[in-house]
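[1] fold the following, please.
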Amino acid sequence: MYTRHSAYSEVTTPRYSAHMPKTSYMTSKSSHPYPPSHHTRKRTEPRRYGIDDFKAAFERKGMELDTSKKLGRGKYSKVYKAIDNTNNRLVAVKAIDVIELTSDVKNKFLPREISCWRKLKNPFIVGLHAQYEAQNMIFLAMEYGSQGDLLRYVQVNGGIEERKAGRFMSQLMQGLQYMHSKQIAHRDIKLENIILFENCVKLSDFGFVRHVDTNVVSHTFCGSKSYSAPELLRGIGYNPLLSDVWSLGVVGFVMVTNRMPFDEKKPNNVIVELQRNRQYVIPPSVYLSSACKSSFEAMMTFDVRRRPTSTQCLTLPWIAPHMTVMP
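    Here you go, the predicted structure:
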């Protein structure tokens with residue numbers, strides 16, 4: 001088990017050859033109740049390691065890994081809590097089983113995620129502390145948010161009061177603008193990928209990030225349909241930096257209304273027309289100031305040529321008043 005810290009250079013695609021052999025017995029036709037030795041042959045199979053196989057290795061690095069309860073899980077990963085005794089802090093450990101990965105994820109998306117994540121050092125972005133690799137597993141140790149993700153928070157507590165939501169939006173936009181200043185697009189902004197800490201919220205989950213150049217056009221459909229900009233739903237090339245802005249606008253809408261602006265069960269062409277005409281429903285019981293409404297409407301501008309950049313969004317009336325000193 002070895003460590004790669006963020007100070008290291010570009011991540012290369014990991015290779016996994018350290019599989020342990022597992023013995024299996026093949027029996028020939030025989031009336032004997034047990035296969036005699038001369039009727040057996042060994043077949044080598046890769047051993048599949050799990051998180052519990054590495055508890056001792058984590059302990060040698062001064063980390064106590066708690067596998068009794070998952071903090072979360074994704075398609076290819078599970079997240080656990082751990083205590084880093086070297087500095088007395090809680091961390092979250094994302095455990096990835098490489099055997100489960102598709103070729104694209106293993107060879108493109110995962111190396112890209114780690115490479116980009118290492119470069120992101122911002123108070124409103126979940127920090128990557130270290131990377132460990134062993135056998136068929138990759139472990140990413142990151143900041144631990146004790147309050148869980150924003151989706152769970154809204155599900156439990158309902159819509160967020162406008163002023164508090166504006167503070168969250170300001171923090172998230174500062175994190176996003178920082179990412180974009182590094183020419184990195186997130187491409188999967190949604191409530192589940194925003195983590196609550198004691199004093200702030202932070203962007204997380206960088207599985208679809210990519211480096212972008214000025215005026216870059218992407219053609220990979222990423223993220224969740226409910227948060228997708230119209231250009232993605234139309235299946236045309238898109239600027240991932242500006243589609244990020246749209247997605248964060250949807251996050252803002254959901255925070256204050258406790259509902260999605262558009263029904264993802266509808267066909268794409270129907271959703272696009274609803275987006276074009278701004279046909280979303282704000283519950284009658286929810287009062288929104290003009291500053292709040294005009295801000296998320298600006299971020300959800302249908303014409304991508306008129307949609308503000310993340311830098312321009314920092315001056316929006318719902319966001320600008322909450323720009324504060326970094327925690």
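[2] can you give me the helices in the stretch 101-250 of the chain?
    103-104, 110-118, 150-157, 162-181, 230-233, 240-257 (DSSP state H, counting those that start in this stretch).
[3] what sits against residue 160?
    Remark: with contacts taken as C-beta atoms under 8 Å, 6 or more residues apart in numbering, residue 160 is in contact with 153-154, 168, 255-256. For every residue, glycine as well, the C-beta is placed using N, CA and C.
[4] pretty sure residue 150 contacts residue 189?
    No - if you go by C-beta atoms under 8 Å, residue 150 and residue 189 don't touch, sitting 10.7 Å apart.
[5] so which residues of this structure form strands?
    The residue ranges that make up the strands of the chain, judged by DSSP state E, are 2-4, 21-22, 45-46, 63-73, 77-84, 89-97, 128-134, 137-143, 184-185, 194-196, 201-203, 210-211.
[6] mean pLDDT for these: which is lowest?
    Mean pLDDT values for the strands of the chain show the minimum at strand 21-22, a mean of 35.
[7] least confident secondary structure element in the protein?
    Sorted by mean pLDDT, DSSP states H and E, the helices and strands of the chain end with strand 21-22, the least confident at a mean of 35.
[8] how much space between the residue nearest to the spatial centre of the chain and residue 186?
    To find the centre residue of the chain, average its C-alpha atoms and take the closest one (C-alpha atoms, centre = their mean): that gives residue 205, at 1.7 Å. As for residue 205, its distance to residue 186 is 9 Å (criterion: C-beta to C-beta, to the nearest Å).
[9] just residue 84 next, same as before
    Between residue 84 and residue 186 the distance, using C-beta to C-beta, works out to 26 Å.
[10] before we move on, the earlier item: dump the contacts of residue 160 to JSON lines, plus distance to residue 128 and pLDDT.
    Output for these, formatted as JSON lines (distance: C-beta to C-beta, whole Å; pLDDT from 0 to 100):
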{"residue": "153", "distance to residue 128": "23", "pLDDT": "96"}
{"residue": "154", "distance to residue 128": "26", "pLDDT": "97"}
{"residue": "168", "distance to residue 128": "22", "pLDDT": "97"}
{"residue": "255", "distance to residue 128": "26", "pLDDT": "98"}
{"residue": "256", "distance to residue 128": "31", "pLDDT": "98"}
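[11] can you select the buried ones from those residues in PyMOL?
    Here is the PyMOL command that selects only those of the contacts of residue 160 that count as buried (16 or more other C-beta atoms under 10 Å):
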select buried, resi 153+154+168+255+256
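[12] mutual contacts of residue 150 and residue 189, please.
    residue 251.
[13] residue contacts, residue 319?
    Listed by C-beta under 8 Å, 6+ apart, the contact set of residue 319 reads 166, 169-170, 173, 295, 313.
[14] please redo it, this time with the cut-off set to 6 Å
    Contact criterion C-beta atoms under 6 Å, 6 or more residues apart in numbering gives 169-170, 173 as the residues in contact with residue 319.
[15] between those residues, which sits nearest residue 133?
    residue 173 (34.1 Å; C-beta to C-beta).
[16] residue 298 is in contact with residue 253, correct?
    No - counting by C-beta atoms under 6 Å, no contact exists between residue 253 and residue 298, whose distance comes to 12.0 Å.
[17] those two: which has the busier surroundings?
    Set residue 253 next to residue 298 and count neighbours by other C-beta atoms under 10 Å: residue 253 wins out with 24 against 19.
[18] measure residue 132 to residue 235 for me?
    On the measure of C-beta to C-beta, residue 132 and residue 235 end up 39 Å apart.
[19] go on, residue 115?
    Look at residue 115 and residue 235: by C-beta to C-beta, they are 28 Å apart.
[20] okay, those two: which has more neighbours?
    Just comparing residue 115 and residue 235: by other C-beta under 10 Å the higher neighbour count belongs to residue 115, 17 against 10.
[21] so what's the more buried one scoring on pLDDT?
    For residue 115, the predicted pLDDT is 94.
[22] correct me, but residue 190 touches residue 225?
    No - counting by C-beta under 6 Å, residue 190 stays clear of residue 225, with 10.3 Å between them.
[23] what residues are up against the closest residue to residue 276 other than its chain neighbours?
    Excluding its sequence neighbours, the residue lying closest to residue 276 (C-beta to C-beta, 6 or more residues apart in numbering) is residue 302, at 5.0 Å. With contact taken as C-beta under 6 Å, 6+ apart, residue 302 is in contact with 230, 275-276.
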